[in-house]
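# predicted coordinates and the sequence they were generated for:
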Amino acid sequence: PTNSAWGGRFSEATDAFVQRFTASVEFDQRMYAQDIQGSVAHATMLAKVGVLTEQERDDIIQGLTEIKADIEAGNFEWSIELEDVHMNIEAALTKKIGITGKKLHTGRSRNDQVATDIRLYMRDEIDHLSSEITRLQSGLIELAEKEADTIMPGFTHLQTAQPVTFGHHLLAWNEMLERDYARLQDCRKRTNIMPLGAAALAGTTYPIDREMTAELLGFDAPTENSLDSVSDRDFAIEFTAAASTIMMHLSRFSEELVLWASAQFNFIDLPDRFCTGSSIMPQKKNPDVPELVRGKAGRIFGHLISLLTLMKSQPLAYNKDNQEDKEPLFDTIDNVSGSLRSFADMMPHVKSNKEVMREAALRGFSTATDLADYLVRKGVAFRDSHEIVGSAVGYGVKTGKDLGEMSLEELQQFGEMITEDVFDVLTLEGSVSARDHLGGTAPKQVLAAAKRAKERLANR
Ligand code: ARG
């Protein structure tokens, strides 16, 4: 035969370039453990229903176990001629145990095999990414507790808006990650369904027990429809969408870290070991990690579009197009994992420059809303108080004084109802601690929110 897997029908060997062009073993070999896990379960089930003898099952499992050890010891030769991870392992099995190896593929196709392998692989990776999110979150929450009363300017339009606490800002990031975690868990539910048994597309004539294989492999259930089973890659798209949202969030954190670490903001110091220098400018300390993570967001969004476009218009059932799902998926996993890891390692060691943050909050009239609210408490309608405070700010811009730096007489030019107690609300501490409700920036609320956030992590 011209090819060991399908040579019977062919009258010439595959073109050498086509062989390399259509092969996937270079990138799908990373699923070797899942491929073997799937085969062991399949053989176990085949023996249970009487398609294989117990001896054949044991020989297959023994052979596969040795192959796994060979691969892990670096003693396995992957061959392009055998196209993919599935046929490489099957050929090695036959070489090891002879004719019984050729029986493993009974009642199975690479179409249901590959779909099963990817789902097994992704299930593990979803679990790994989820635990990295949890690690990053616990670092953020701990830092938030330490920074519960560190005051910084809060921004809208990147213009100073109102004072907030740094701890509150960090817990905002934590909320984004909380949703990211939930999205991964949701995607895991639809990933953890077993296509094995669909065979090429229509099912198989053997009396297979799909419930049994599903249980052996830790799947929640077998899939319902054989055609859908071999062609569905929704779980990969959902995963990449969840991954894109994670990267979108990390790119936002990155942007803030890069800004804050600049000489112009100088709000934070990043640990040296997460930064690099310049080969020409001796003074430089560049925030490479957040910059790179911000950049990586782009390629992950690209992978999402790749997968959507890959699946668009594909007729049922399996098409070779689907081999193109792996590289975007694996690249997504590797880069999201690396990004989460570097953030989880770095964030607990970020140092805040409290005095600089405080100075920045003092500049920019960040307590103007507090003054407006104060006037409302004195009986002024909010729209009028907005106008009054606007004039006071205009005066401050002209004279170079912040609201808290004006004398009582100066403030009274804008409203005679202003009295000495105004200075309580014009201080930064007064401003943040007045926002004392669920979800507010008051230090007390930050500590309570951190406590709840920790409880959520503990209940995962
Ligand atoms: N390497 C293939 C993939 O990644 C495995 C399935 C191939 N099936 C086939 N009938 N050509 O999708």
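Arrived safely, thanks for sending. Residues are numbered from 1 along each chain as shown.
# quick check: closest non-adjacent residue to Ala392.
Phe414 (4.6 Å; C-beta to C-beta, 6 or more residues apart in numbering). C-beta: built from backbone N, CA, C; applies to glycine.
# cool, and Asp28?
In space, Asp28 is closest to Val85, 4.5 Å off (C-beta to C-beta, 6+ apart).
# any idea how far that neighbour lies from Ile71?
10 Å (C-beta to C-beta, to the nearest Å).
# residues shared between the contacts of these two?
Tyr32 (C-beta atoms under 8 Å, 6 or more residues apart in numbering).
# what about Gly415, which SS state?
Per DSSP: H, G, I helix; E, B strand; the rest coil, the secondary structure class of Gly415 is coil.
# test my guess that it contacts Ile388.
Yes - in this structure, Gly415 is within contact of Ile388 by C-beta atoms under 8 Å, at 4.9 Å.
# number of residues surrounding the residue nearest to Ala392?
20 (other C-beta atoms under 10 Å).
# that one: what's it in contact with?
Per C-beta under 8 Å, 6+ apart, neighbours of Phe414: 388-389, 391-392, 395.
# now do 7 Å
Neighbouring residues of Phe414 by C-beta atoms under 7 Å, 6 or more residues apart in numbering: 388, 391-392.
# pLDDT weak spots in the stretch 1-150 of the chain?
Residues of the stretch 1-150 of the chain meeting the criterion pLDDT under 70: 1-2.
# near the ligand, which residues of it are found?
Within reach of the ligand by C-beta under 6 Å from any ligand atom, the stretch 1-150 of the chain has these residues: 24, 28, 84, 110-111, 114.
# could you redo the last one with a cut-off of 8 Å?
The stretch 1-150 of the chain comes close to the ligand at residues 24, 28, 83-86, 109-111, 113-114, as judged by C-beta under 8 Å from any ligand atom.
# same question for the stretch 201-350 of the chain.
Neighbours of the ligand within the stretch 201-350 of the chain, by C-beta under 8 Å from any ligand atom: 318, 320, 322-323, 325-326.
# from those residues, which land in strands?
Under the assignment DSSP state E, these contribute nothing to strands.
# want to throw those into CSV with neighbour count and pLDDT?
Converted to CSV, those look like this (neighbours: other C-beta atoms under 10 Å; pLDDT from 0 to 100):
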residue, neighbour count, pLDDT
Tyr318, 21, 96
Lys320, 8, 97
Asn322, 21, 97
Gln323, 18, 97
Asp325, 21, 98
Lys326, 21, 98
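# tell me which two of those sit farthest apart.
Pairwise distances across these peak at 14.2 Å for Tyr318 and Lys326 (criterion: C-beta to C-beta).
# so which residues of the stretch 251-400 of the chain form helices?
288-311, 326-346, 354-362, 368-377, 382-399 (DSSP state H, counting those that start in this stretch).
# Val164 is nearest to which of those?
For the helices of the stretch 251-400 of the chain, the distance to Val164 is smallest for helix 354-362, at 8.3 Å, taking C-beta to C-beta.
# what helices or strands is that closest one leaning on?
When contacts are defined as 3 or more C-beta pairs under 7 Å, 6 or more residues apart in numbering; DSSP states H and E, helix 354-362 sits against strand 151-156, helix 428-433.
# just the angle between that helix and strand 151-156, please?
With axes from the mean of the first three to the mean of the last three C-alpha atoms, to 10 degrees defining the directions, helix 354-362 sits at 50 degrees from strand 151-156.
# identify all contacting residues around helix 354-362.
Residues contacting helix 354-362 (C-beta under 7 Å, 6+ apart): 150-153, 163, 166, 266-267, 402, 428.
# please identify the buried residues of the longest helix anywhere in the chain?
For the chain, the longest helix by residue count, based on DSSP state H, is helix 110-146. For helix 110-146, burial by neighbour count (16 or more other C-beta atoms under 10 Å) applies to 110-123, 125-126, 129-130, 132-141, 143-145.
# could you say what helices and strands that helix packs with?
helix 32-48, helix 85-97, helix 166-191, helix 226-231, helix 234-260, helix 326-346, helix 443-458.
# from what I can see the residue nearest to Asp28 touches Gln29, true?
Yes - judged on C-beta atoms under 7 Å, Val85 makes contact with Gln29 at a distance of 4.9 Å.
# neighbour count: these two, which is higher?
Comparing Val85 with Gln29 by other C-beta under 10 Å, the one with more neighbours is Val85, at 27 against 16.
# which residues touch that one?
Per C-beta under 7 Å, 6+ apart, neighbours of Val85: 25, 28-29, 31-32, 35.
# got these as JSON lines, with distance to Asp59 columns?
Putting the contacts of Val85 into JSON lines (distance: C-beta to C-beta, whole Å) gives the following:
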{"residue": "Val25", "distance to Asp59": "25"}
{"residue": "Asp28", "distance to Asp59": "25"}
{"residue": "Gln29", "distance to Asp59": "24"}
{"residue": "Met31", "distance to Asp59": "23"}
{"residue": "Tyr32", "distance to Asp59": "20"}
{"residue": "Asp35", "distance to Asp59": "18"}
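# out of those residues, who's nearest the ligand?
Lowest distance from the ligand to the contacts of Val85 (C-beta to the nearest ligand atom) belongs to Asp28, with 5.8 Å.
# which strand or helix spans that closest one?
Using DSSP states H and E, Asp28 sits within helix 25-28.
# now tell me what touches that helix from outside.
Residues contacting helix 25-28 (C-beta under 7 Å, 6+ apart): 78, 80, 82-85, 88, 326-327, 330.
# any chance of the residues you listed in JSON lines, plus distance to Pro348?
What follows is those, written out as JSON lines (distance: C-beta to C-beta, whole Å):
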{"residue": "Trp78", "distance to Pro348": "40"}
{"residue": "Ile80", "distance to Pro348": "45"}
{"residue": "Leu82", "distance to Pro348": "47"}
{"residue": "Glu83", "distance to Pro348": "46"}
{"residue": "Asp84", "distance to Pro348": "42"}
{"residue": "Val85", "distance to Pro348": "39"}
{"residue": "Asn88", "distance to Pro348": "43"}
{"residue": "Lys326", "distance to Pro348": "34"}
{"residue": "Glu327", "distance to Pro348": "34"}
{"residue": "Phe330", "distance to Pro348": "29"}
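# count the neighbours of Gly379 for me.
8.
# so what's the gap between the helix holding Asp28 and the chain middle?
The chain centroid and the centroid of helix 25-28 are separated by 24 Å, computed with C-alpha atoms, centre = their mean, to the nearest Å.
# in that helix, what counts as buried?
So, applying 16+ other C-beta under 10 Å, buried residues of helix 25-28: 25, 27-28.
# measure the residue nearest to Lys68 when sequence neighbours are not counted to Tyr395 for me?
Distance criterion C-beta to C-beta, 6+ apart; nearest residue to Lys68, sequence neighbours excluded, is Ile36 at 5.1 Å. Plainly put, Ile36 is 76 Å away from Tyr395 if you go by C-beta to C-beta.
# which one of these two has more residues nearby?
Neighbour comparison, Ile36 and Tyr395: the larger count goes to Ile36, with 21 against 16 (by other C-beta under 10 Å).
# I figured that one hits Gln62, correct?
No - using C-beta under 7 Å as the test, Ile36 is too far from Gln62 to be in contact (11.9 Å).
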